[in-house]
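J.: Structure here, sequence nowhere to be found:
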């Protein structure tokens, strides 16, 4: 029997993953699960670039790092880390919360705190990168 | 915690490397969220604030405790990365046979340590 494409198997309603995306027990779990994988791939590239840069920079003194970070590609990578890696980390802590914090009120409070902390941290990081990349600030 | 009964999981299971990988994946991931990201923000904040702030950061980062934290963060990253790649393999339904699973569990843990050592060797030598 010839192999059927996923389109044929699922009557034209998309692939198996497309049909379950967003249909976890809470009505949204699968989307978050897939998002964790997408951001993991992003982290491989972004943190890989950061690690290689730390190795290849001649030194990690102020002048060297500042000059490096003001370049378009390093600045872009660091800005993406603020979005991608912070999302991934916030989601990881969210899973930890869901596993170990049972009372709904506490779960809400911890999740709210996580969202505030990570939004604040990412915004601070983005601001620092913009300042370094676009000039201004202390010399 | 809830009043519901819990199965006596950690106390009765026979330990295997896959359990260690799973626990380390969570510990290193959540550990980096608490430690590595704040360190990254401190680094960027110090850079954006000027040479004096950067000197303060560098002094803390190159203190004995600073090196312990930095080596710990780098190990957490490489461990999380290698066990994360193992997760991708498991996600496609491969690697669940007992011997294969055991072998790759040991391998990912070892690869995390080896990459950490290679990273610091490269930092020092290059």
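T.: It's in. Since the model is a prediction, treat every value here as computed from it, not as a measurement.
J.: Contact partners for the most centrally placed residue in chain A?
T.: Central residue of chain A (CA atoms, centre = their mean): residue A:84, 2.3 Å from the mean position. Residues in contact with residue A:84 (CB atoms under 8 Å, 6 or more residues apart in numbering or on different chains) are A:39, A:42-43, A:46. In short, each C-beta sits where N, CA and C put it, glycine included.
J.: Inside helices: which ones of the residues you listed?
T.: Using DSSP state H, A:39, A:42-43, A:46 are the members of these that sit in helices.
J.: Against chain B, which of the contacts of residue A:84 make the cut? List them.
T.: residue A:43 (CB under 8 Å from any CB of the partner chain).
J.: Mind picking the two most distant members of the contacts of residue A:84?
T.: Pairwise distances across the contacts of residue A:84 (CB to CB) peak at 9.5 Å, for the pair A:39 and A:46.
J.: Now the common contact residues for these two.
T.: Contacts common to residue A:39 and residue A:46, judged by CB under 8 Å, 6+ apart, are A:84-85.
J.: Give the residue spans of chain B that score low on pLDDT.
T.: B:1-2, B:10 (pLDDT under 70).
J.: Tell me where it has helices.
T.: Here chain B has its helices, by DSSP H, at B:9-12, B:17-49, B:51-61, B:64-91, B:98-125.
J.: can you tell which of these is closest to residue A:112?
T.: Here helix B:17-49 is closest among the helices of chain B (CB to CB), at 16.3 Å.
J.: Quick one: distance of the closest one to the chain centre.
T.: The chain centroid and the centroid of helix B:17-49 are separated by 7 Å, computed with CA atoms, centre = their mean, to the nearest Å.
J.: Could you list the contact residues of chain A toward chain B?
T.: Within chain A, the positions adjacent to chain B are A:37, A:40, A:43-44, A:47, A:51, A:54-56, A:60-62, A:65-66, A:69, A:78, A:81, A:85-86, A:89-90, A:92-93, A:96, A:100, A:102-103, A:121, A:124-125, A:127-129, A:131-132, A:137-139 by CB under 8 Å from any CB.
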